[in-house]
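S.K.: My questions are about this predicted structure, shown below with the sequence.
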There are 2 protein chains.
Amino acid sequence: MKNNPNFSGVIAPVLTPFDEDGVPDADRFVEHAEWLLADGCTALAPFGTTSEGNSLGIDERMDLLDFMVEDGIDAGKLMPGTGSCALADAVTLTRHAVDLGCGGVLMLPPFYYKQPSEEGLYRFFSEVIEQVGDDDLKLYLYHIPPVAQVGIPLGLIGRLLKQYPDTVVGLKDSSGDWSNSKAILEAYGPDFEVFPGSETFLLDGLRAGGVGCISATANVAAGRIREVFDNWQTPNADKLQAGISALRKAIQAYPMIPVLKALIAHYRDDADWANMRPPFLNLPDAEAAKAVRELAETQGFKIKIAIPA
Amino acid sequence: MKNNPNFSGVIAPVLTPFDEDGVPDADRFVEHAEWLLADGCTALAPFGTTSEGNSLGIDERMDLLDFMVEDGIDAGKLMPGTGSCALADAVTLTRHAVDLGCGGVLMLPPFYYKQPSEEGLYRFFSEVIEQVGDDDLKLYLYHIPPVAQVGIPLGLIGRLLKQYPDTVVGLKDSSGDWSNSKAILEAYGPDFEVFPGSETFLLDGLRAGGVGCISATANVAAGRIREVFDNWQTPNADKLQAGISALRKAIQAYPMIPVLKALIAHYRDDADWANMRPPFLNLPDAEAAKAVRELAETQGFKIKIAIPA
């Protein structure tokens, strides 16, 4: 693992709660974010895929981020998603995050037009970096081809690292393909901060030079994932990893984002927490009850919501 | 064909010019729009896929639309693209277009999250319609699965038509699959205004109850496409259709959006017109010269730019 990485450990793409009118609920959002940091997250990535980030408007994203920082969350621990298929909006969001003092940003490639050339992707990221024009910008590339369809090819990383070595500092790999994370680490690690997009690959990642994981399920199980991170060089590591891999597998038997919200709703006893924004739908009540029961029985899974004072 | 359709004929998804700094060029944009109306377009669809519309920021789209209307273009002839993967931004753009008096809007489904349910898509469009809350809204659904990946299923159209018969008035079908347009017309036409996304299906569409086409190549060949629309019930129709189909085929041998801009740049003798925004790249000069030459030789293709007084 890199010495003194900019980010490392267990990072949650923070779920975005919506009130009964479908409006992002800033109070529940910050409350959840603070609990995540208390529960074991080392940092937070609001407006990721799990956050329904691409269902949020540009202003909604900036307002929620402002609210987090105003409420006292350390901006240095925030790595908001600032990608957009529109160059202008990606610049606006990124500049806003840097101005707030965010420790980094997580940026999707432009994802509307399919099969862009590597040169076209290079120019997109290069334009964002040049237009933001701030040495404080620390950019993490976001590779998630199963959703965005457009990915971050290996050669693009190399070109960006060569041109912007102090700005392009890492990548989240949500390909679900460990061999891709491994290839990136072999080519550019361990100085380049690689985060697998699932805790399933946390221990493999750390052993190969990665720095942690950015994972949806950290929204409900940060503590257990953090245990692996804290003990990865101990004899107990493989056993701990097997535990979080099994939990992940059990959770992802359900639609991921709706089930995470349903679990929070259950353990907070707050039905509105389950609200999804279209095009997503809430997990049906019966499915939610089944998930709570099944995860408790087979995985000993239970959330202890303890809000920090 | 429907009597008194809201829109009909030949509609161009207006190309968006960028200056040497990559900024949308409002003057060139409006000049091009006015020329398109003079060249045979019956209406205009700014911020479509061909317009690099999803590479434009929310504010850029609204500013360009304001500029068009301020410059005297009849808002009733405008059907701007107001889709976004974010519900809030789709509402903002749609409300703005309605407030300006636009005759309609062309709306993509939310396209980031893949394989949404039909119910989820229904709720998305329903939310936009309810939140805009204006009887003047005339919404055209935009089905373009080759790019957006997320499409507009047949059943969704029926549900929206049932609930919002005065608002959801038509659809652009850019599937490239005539059998899909035909199925939509058989199920909901001819009152529902169906526009194939290519002039290749213009005559077939009109004969089956469609109202015209919304096509990329109308940016350079509106006059010839309009001839088919004006003469579709004459004995000459098939011959005219064969001509525009051949021209379309010759043009789409090149990357579509870059070659259209390169052709405009050539015939306007204005090199900056060829500028593409990342992730797209300009057509290389040699390719552009080849396209100009080949289209002139094989299709007698030439643009006569006559700016209306």
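M.R.: Happy to help now that I have it.
S.K.: okay, and for chain A, where does confidence drop off?
M.R.: Under the criterion pLDDT under 70, the flagged ranges of chain A are A:306-309.
S.K.: need the strands for it, in chain order.
M.R.: In chain A, the segments counted as strands under DSSP state E are A:9-12, A:43-44, A:105-107, A:139-143, A:168-173, A:193-196, A:212-214.
S.K.: Of the ones you listed, which is nearest chain B?
M.R.: Nearest to chain B, of all the strands of chain A, is strand A:139-143, at 12.1 Å by Cβ to the nearest Cβ. Where you see a C-beta, it was placed from the backbone N, CA and C, and this is true even at glycine.
S.K.: That closest one to strand A:168-173, inter-axis angle?
M.R.: Counting by axes from the mean of the first three to the mean of the last three Cα atoms, to 10 degrees, strand A:139-143 points 20 degrees away from the direction of strand A:168-173.
S.K.: near chain B at all, strand A:139-143?
M.R.: No: for strand A:139-143, no contact with chain B is found by Cβ under 8 Å from any Cβ of the partner chain; the gap never falls below 12.1 Å.
S.K.: Now do that strand: which elements does it pack against?
M.R.: Using 3 or more Cβ pairs under 8 Å, 6 or more residues apart in numbering or on different chains; DSSP states H and E, the elements in contact with strand A:139-143 are strand A:105-107, helix A:118-132, helix A:154-163, strand A:168-173.
S.K.: could I get these as a markdown table with distance to chain B and mean neighbour count?
M.R.: Shown next, in a markdown table, are the helices and strands packed on strand A:139-143 (distance: least, Cβ to the nearest Cβ, whole Å; neighbours: other Cβ atoms under 10 Å in any protein chain shown):
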| stretch | distance to chain B | mean neighbour count |
| --- | --- | --- |
| strand A:105-107 | 13 | 28 |
| helix A:118-132 | 4 | 19 |
| helix A:154-163 | 11 | 16 |
| strand A:168-173 | 16 | 28 |
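S.K.: which stretch among the strands of chain A comes nearest residue A:255?
M.R.: Distance to residue A:255, taken as Cβ to Cβ, is lowest for strand A:9-12 among the strands of chain A, at 18.1 Å.
S.K.: Name whatever forms a beta bridge with residue A:12.
M.R.: Residues in a beta bridge with residue A:12, per DSSP bridges, are residue A:44.
S.K.: With adjacent residues omitted, what lies nearest to residue A:287?
M.R.: Once flanking residues are discounted, residue A:287 sits nearest to residue A:254: 6.7 Å by Cβ to Cβ, 6 or more residues apart in numbering or on different chains.
S.K.: Tell me how many other residues crowd that neighbour.
M.R.: Neighbours of residue A:254 under the rule other Cβ atoms under 10 Å in any protein chain shown: 19.
S.K.: got it, and residue A:76?
M.R.: Neighbour tally, residue A:76, other Cβ under 10 Å: 13.
S.K.: Name all residues that make contact with it.
M.R.: A:101, A:102, A:103 (Cβ atoms under 8 Å, 6 or more residues apart in numbering or on different chains).
S.K.: Also residue A:108?
M.R.: Listed by Cβ under 8 Å, 6+ apart, the contact partners of residue A:108 are A:54, A:81, A:83, A:84, A:142, A:144, A:148.
S.K.: Please repeat the previous calculation with a cut-off of 7 Å.
M.R.: By Cβ atoms under 7 Å, 6 or more residues apart in numbering or on different chains, the contact list for residue A:108 reads A:81, A:83, A:142, A:148.
S.K.: Distance-wise, check it relative to residue A:47.
M.R.: When Cβ to Cβ, to the nearest Å is the yardstick, residue A:108 and residue A:47 sit 10 Å from each other.
S.K.: Would you enumerate the residues in contact with the residue nearest to residue A:287?
M.R.: Here residue A:254 is in contact with A:283, A:287, A:291 (criterion: Cβ under 7 Å, 6+ apart).
S.K.: For residue A:198, which non-adjacent residue is closest in space?
M.R.: Residue A:198's closest residue in space is residue A:215 (Cβ to Cβ, 6+ apart), at 5.3 Å.
S.K.: ok, how many other residues are close to that neighbour?
M.R.: Quick note: residue A:215 (other Cβ under 10 Å) scores 29 neighbours.
S.K.: likewise residue A:25?
M.R.: 20.
S.K.: dump the residue contacts of the spatially closest residue to residue A:15 that is not a sequence neighbour.
M.R.: Leaving out its chain neighbours, the residue that sits closest to residue A:15 by Cβ to Cβ, 6+ apart is residue A:219, at 5.1 Å. Contact analysis of residue A:219 by Cβ under 7 Å, 6+ apart lists A:12, A:15, A:36, A:50, A:260.
S.K.: same thing with residue A:104?
M.R.: A:6, A:7, A:79, A:138, A:139, A:140, A:169.
S.K.: surely the second one meets residue A:44?
M.R.: Meaning residue A:7. No: taking contacts as Cβ atoms under 7 Å, residue A:7 lies outside contact range of residue A:44: 10.2 Å.
S.K.: Next to chain B, which bits of the stretch 201-309 of chain A? Give me the list.
M.R.: A:277, A:278, A:279, A:280, A:281 (Cβ under 7 Å from any Cβ of the partner chain).
S.K.: Whichever of the residues you listed end up buried, select them in PyMOL.
M.R.: Selecting only the buried entries of those in PyMOL, with 16 or more other Cβ atoms under 10 Å in any protein chain shown as the criterion:
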select buried, chain A and resi 277+278+279+280
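S.K.: quick one: contacts for residue A:283?
M.R.: Residue A:283 makes contacts with A:254, A:255, A:258, A:259, A:262, A:274, as judged by Cβ under 7 Å, 6+ apart.
S.K.: Chain neighbours aside, what residue packs nearest to the last one?
M.R.: Once flanking residues are discounted, residue A:274 sits nearest to residue A:265: 4.0 Å by Cβ to Cβ, 6+ apart.
S.K.: Identify the residues contacting that neighbour.
M.R.: By Cβ under 7 Å, 6+ apart, the contact list for residue A:265 reads A:271, A:273, A:274.
S.K.: Residue A:100 now?
M.R.: A:65, A:69, A:75.
S.K.: now residue A:262
M.R.: A:274, A:283, A:288, A:291.
S.K.: Tell me, how many residues neighbour residue A:2?
M.R.: So residue A:2, with other Cβ under 10 Å, has 17 neighbours.
S.K.: For the closest residue to it other than its chain neighbours, give me its contacts.
M.R.: Spatially, and ignoring its direct neighbours in sequence, residue A:2 is nearest to residue A:190 (4.9 Å; Cβ to Cβ, 6+ apart). Neighbouring residues of residue A:190 by Cβ under 7 Å, 6+ apart: A:1, A:2, A:209.
S.K.: Kindly recompute the last result at 8 Å.
M.R.: Contacts of residue A:190 (Cβ under 8 Å, 6+ apart): A:1, A:2, A:209, A:210, A:211.
S.K.: Give the burial count for the closest residue to residue A:9 other than its chain neighbours, as a bare number.
M.R.: For residue A:9, ignoring the flanking residues on the chain, the nearest one in space by Cβ to Cβ, 6+ apart is residue A:42 at 3.0 Å. By the criterion of other Cβ under 10 Å, residue A:42 has 19 neighbours.
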